[in-house]
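Engineer: Pasting the sequence and the predicted coordinates here, then a few questions.
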There are 2 protein chains.
Amino acid sequence: MSSPPNSEQLADDSLTPERGGISRRKLLGTAGVTAAVVGAAGAGALAGRAAAAANDSSEIHSPVPFRGERQAGIITPQQDRMHLCAFDVTTDSREDVVAMLREWTRMAERMTAAEETVPHGAVGLNPDAPPSDTGEALGLPASALTLTIGFAPSFFIKDGKDRFGIADRKPAALVDLPKFPNETMDPARCGGDICVQACANDPQVAVHAIRNLARVAFGTAAVRYSQLGFGRTSSTTREQSTPRNLFGFKDGTRNLKAEDTDKLNQHVWVPSSDGPDWLTGGTYLITRRIRMRIENWDRTALLEQERVIGRHKGSGAPIGYPEEFDEPDLATRKSDGDPLIDVDAHVRLASAEELGGIEILRRGYNFTDGSDGFGHLDAGLFFIAFVRNPLTHFVPMQAQLARLDALNEYITHTGTAVFACPPGLRENDPSAYWGSTLFG
Amino acid sequence: MSSPPNSEQLADDSLTPERGGISRRKLLGTAGVTAAVVGAAGAGALAGRAAAAANDSSEIHSPVPFRGERQAGIITPQQDRMHLCAFDVTTDSREDVVAMLREWTRMAERMTAAEETVPHGAVGLNPDAPPSDTGEALGLPASALTLTIGFAPSFFIKDGKDRFGIADRKPAALVDLPKFPNETMDPARCGGDICVQACANDPQVAVHAIRNLARVAFGTAAVRYSQLGFGRTSSTTREQSTPRNLFGFKDGTRNLKAEDTDKLNQHVWVPSSDGPDWLTGGTYLITRRIRMRIENWDRTALLEQERVIGRHKGSGAPIGYPEEFDEPDLATRKSDGDPLIDVDAHVRLASAEELGGIEILRRGYNFTDGSDGFGHLDAGLFFIAFVRNPLTHFVPMQAQLARLDALNEYITHTGTAVFACPPGLRENDPSAYWGSTLFG
């Protein structure tokens, strides 16, 4: 795991005028806010939702260090809300793209520390100029905001063209996913050249961050699509309770966790042996917008729901066992000869045991995007996976699920994208910016 | 103001098996959850977002009493998240509509108390039957969930037809709003026969509630549109801090508050003299989905933004004054003869002073519904007003704003609806249900 700066450092570096920063709190003098820069929360654990209800909630408002060995927002304790945005780069100018990425980096570091995008951003030093921060996060704490950047295949080569002189740096594994069965892809919800994943415990903070990045991108990049996720459906640390997806089941019980250092090295972080150099220590981010046919699901018997998932609905335990974290028993057969966990149950087909040992790090979010126009909610799961290599660590899983998963009767995939996420920016390297190892 | 049952009563009535209830917490035995049924929070104040960060957060997780003189969700301390759904009734059967409303009422009362829709709803008593609760709120506290119902003109008469034998009960003031200038109405986001406004401090709880009501409505009513609001843009009690809209300005500073009993009687609650009887003590709910042209706004100078709003961006104070809650000075002129607050400033045109004394109770929410397909976020403000009479207390305001407001350059209204909201169901009247005074 990474070694983020301790929180005292963060407080010293980011929230004092000496470094050019004025915290949103100080600017407005809202004495009631203690955005909890102190304490170990920045690098530590986010309490589960349930526990958070009982305890002091300062941890879920604290800043998460922007710099470190890894980008934040991957193994960071999963925040409750997400706003992910895919951008199309609208210029062929390498210089403009680099300038945007530099500006984004400066803004991102400030926003994750609960600062405005620039000092005096919303009120400005020149009232005749537009504000440099849109202002809707003024007075709000950091809310554990993380901003994670990724670059798509089309950022390197689009329509056969090496737009920014970096085509030779495209990782071999960075290719769009093949078409799978059971997809209803909407091209407007697929792809994009760059993605920024904003996660926070306050959606206003996540929306503010994306909106300000989009604002300064004008003329260089434009919003292709954006997705709001209102509730997390996975956990990234052992301290977090397991949340539920819109099928009502606990989701992500077997997710890799921040504590699983060896497994993360094996399945999530790109090793130097894989290449290219600029991506070593980084990862790949894969999105799948999964529309759930919740009405069909809701008319399905409990036993069938549990057979399809392979878990009990109430406890989240694997079929036949009492506890959520009991290992799914994929071998045992019932007296009638059928396996305890069905052959096409989701938990079986998604298991490392049935996939040659591959595992993924998930960061999923429930979404509801209004009505589908046919009397139903347009609802589902926005699925994000972090993997070491999409071709070896994701395609085999998705191919198996798309072909066999009993859940397919109740879902269809409507959006997808793949991005390469470089490692984090180091604390002692102020000239580095998002993508600098790519352009350097 | 109403006299809701105190929280001890609520705990006794709703969360013990004696009344047929099993709390979601008890069912799952999640010992870490203390959903905070104790304390005065149910009837009391929700701390502002900033203060909530510093203090114990139990209040924002507590239940709000479902029964009382008024429906909850109107002067209830405004929750941070909203899911509003408009339903089309798809049957002509009065009996079916009444049955649905009875079932909705039972479910709503349970869900606002953090219970499943029926006991053992998600795991069922008969595993061969579909669960009676979809399950995604299992383990979550009440999160101050309120469910507020309203009936549209078309619920009484549609296409000239008295569908349910209640046409003579339609209030004279319950009519669709006229067309105003500066609208870009999407018919799919307008109207509907019934609305349910779900507000909660956890969006998963609000989405779960609407989803379960939609589920049991199958065959009787269907989702026409639904709107997720991620951040509140008004306050309904004096204890709440003023939040910011996506223009970055504090919104709702002059909103009526729960403490303003006389003004609420004058401007919000329908008096017996207005009629009809079944609506006495109720109110009207008006929705306006306001798309913000945030890109244009973001390129506007601070001074111009402040002139358009009539307030300072940082403090929220009216132009020329230091404190947010200073009264806007609509009379004073500057040395050049121009008024301190511009003639077409939003704060002036929306003021009681310029509207013959009328005031409204607002409950607004920021929204972001992905991309608009043209490189921008589809973002804005979902505006909800509660008024005594739409014709006298809303149309004059909207007519003035639509004609003159300087803000019109940066907004367009894309959805609207009007609903009549009956008063609350009384604690001592178990046979009452949503709309029972209408059908009784």
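Structural biologist: Thanks, I have it. Bear in mind that the values here come from a model prediction, so they are computed numbers and not experimental data.

Engineer: by contact count, what packs against the helix or strand containing A:Arg211?
Structural biologist: Assessed by DSSP states H and E, A:Arg211 sits inside helix A:203-216. If contacts are counted by 3 or more Cβ pairs under 8 Å, 6 or more residues apart in numbering or on different chains; DSSP states H and E, helix A:203-216 sits against strand A:81-89, helix A:94-112, strand A:194-200, strand A:221-229, strand B:231-232, helix B:294-298, strand B:365-371, strand B:377-387. For glycine as for every other residue, the C-beta is placed from the backbone atoms N, C-alpha and C.

Engineer: Using JSON lines, lay out these together with distance to A:Ala385, mean neighbour count and mean pLDDT.
Structural biologist: Output for the helices and strands packed on helix A:203-216, formatted as JSON lines (distance: least, Cβ to Cβ, whole Å; neighbours: other Cβ atoms under 10 Å in any protein chain shown; pLDDT from 0 to 100):
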{"stretch": "strand A:81-89", "distance to A:Ala385": "13", "mean neighbour count": "25", "mean pLDDT": "98"}
{"stretch": "helix A:94-112", "distance to A:Ala385": "22", "mean neighbour count": "20", "mean pLDDT": "98"}
{"stretch": "strand A:194-200", "distance to A:Ala385": "12", "mean neighbour count": "28", "mean pLDDT": "98"}
{"stretch": "strand A:221-229", "distance to A:Ala385": "14", "mean neighbour count": "24", "mean pLDDT": "97"}
{"stretch": "strand B:231-232", "distance to A:Ala385": "28", "mean neighbour count": "28", "mean pLDDT": "96"}
{"stretch": "helix B:294-298", "distance to A:Ala385": "31", "mean neighbour count": "20", "mean pLDDT": "95"}
{"stretch": "strand B:365-371", "distance to A:Ala385": "21", "mean neighbour count": "23", "mean pLDDT": "96"}
{"stretch": "strand B:377-387", "distance to A:Ala385": "25", "mean neighbour count": "24", "mean pLDDT": "97"}
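
Engineer: of these, which approaches A:Ile166 most closely?
Structural biologist: helix A:94-112 (8.0 Å; Cβ to Cβ).

Engineer: Most proximal residue of the stretch 1-150 of chain A with respect to chain B?
Structural biologist: A:Gly135 (2.4 Å; Cβ to the nearest Cβ).

Engineer: What's the separation between that residue and B:Thr412?
Structural biologist: Going from A:Gly135 to B:Thr412 by Cβ to Cβ, to the nearest Å gives 21 Å.

Engineer: Next: A:Gln71.
Structural biologist: 38 Å.

Engineer: More neighbours: which of the two?
Structural biologist: More crowded of A:Gln71 and B:Thr412, by other Cβ atoms under 10 Å in any protein chain shown: A:Gln71, with 28 against 16.

Engineer: Now render the helices and strands packed on helix A:203-216 as JSON lines, adding distance to A:Thr184.
Structural biologist: Formatted as JSON lines, the helices and strands packed on helix A:203-216 follow (distance: least, Cβ to Cβ, whole Å):
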{"stretch": "strand A:81-89", "distance to A:Thr184": "18"}
{"stretch": "helix A:94-112", "distance to A:Thr184": "33"}
{"stretch": "strand A:194-200", "distance to A:Thr184": "21"}
{"stretch": "strand A:221-229", "distance to A:Thr184": "15"}
{"stretch": "strand B:231-232", "distance to A:Thr184": "31"}
{"stretch": "helix B:294-298", "distance to A:Thr184": "30"}
{"stretch": "strand B:365-371", "distance to A:Thr184": "17"}
{"stretch": "strand B:377-387", "distance to A:Thr184": "21"}
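
Engineer: Which one of the ones you listed lies nearest to B:Glu353?
Structural biologist: Using Cβ to Cβ, the nearest of those to B:Glu353 is strand B:377-387, at 17.7 Å.

Engineer: Figure out how far the following helix or strand past that closest one is from the centre of its chain.
Structural biologist: Using DSSP H and E, the helix or strand that follows strand B:377-387 in sequence is helix B:390-393. A distance of 18 Å separates the centroid of the chain from that of helix B:390-393, by Cα atoms, centre = their mean, to the nearest Å.

Engineer: Name the surrounding residues that touch helix B:390-393.
Structural biologist: Helix B:390-393 is touched from outside by B:173-175, B:177, B:267, B:284, B:286, B:358, B:360, B:387, B:418, with contacts defined as Cβ atoms under 8 Å, 6 or more residues apart in numbering or on different chains.

Engineer: Most neighbours out of these, which is it?
Structural biologist: B:Val387 (27 neighbours).

Engineer: Might you report the residue contacts of that residue?
Structural biologist: B:267-268, B:283-284, B:286, B:360-361, B:393-394 are the contacts of B:Val387 under Cβ under 8 Å, 6+ apart.

Engineer: rewinding a little: just want the angle from the helix holding A:Arg211 to strand B:221-229.
Structural biologist: Counting by axes from the mean of the first three to the mean of the last three Cα atoms, to 10 degrees, helix A:203-216 lies at 70 degrees to strand B:221-229.

Engineer: pLDDT (mean, whole number) over helix A:203-216?
Structural biologist: Mean per-residue pLDDT for helix A:203-216: 98.

Engineer: if I read this right, A:Arg81 contacts A:Ala209, doesn't it?
Structural biologist: No. Using Cβ atoms under 8 Å, A:Arg81 makes no contact with A:Ala209, being 11.4 Å away.

Engineer: joint contacts of the two?
Structural biologist: Residues touching both A:Arg81 and A:Ala209 (Cβ under 8 Å, 6+ apart) are A:Ala200.

Engineer: between the helices and strands packed on helix A:203-216, which gets nearest to A:Leu125?
Structural biologist: Taking Cβ to Cβ, helix A:94-112 is the member of these nearest to A:Leu125, at 15.9 Å.

Engineer: Please see if the closest one touches chain B.
Structural biologist: No. Residues of helix A:94-112 are not located near chain B by Cβ under 8 Å from any Cβ of the partner chain, the shortest gap being 13.5 Å.

Engineer: contact partners of that helix?
Structural biologist: If you take Cβ under 8 Å, 6+ apart as the criterion, helix A:94-112 is touched by A:14, A:21, A:63-64, A:66-67, A:72, A:89, A:91, A:116-118, A:137, A:142, A:145-147, A:149, A:163-165, A:196, A:205, A:208-209, A:212-213, A:216-217, A:219-221, A:425, A:432-436, A:439.
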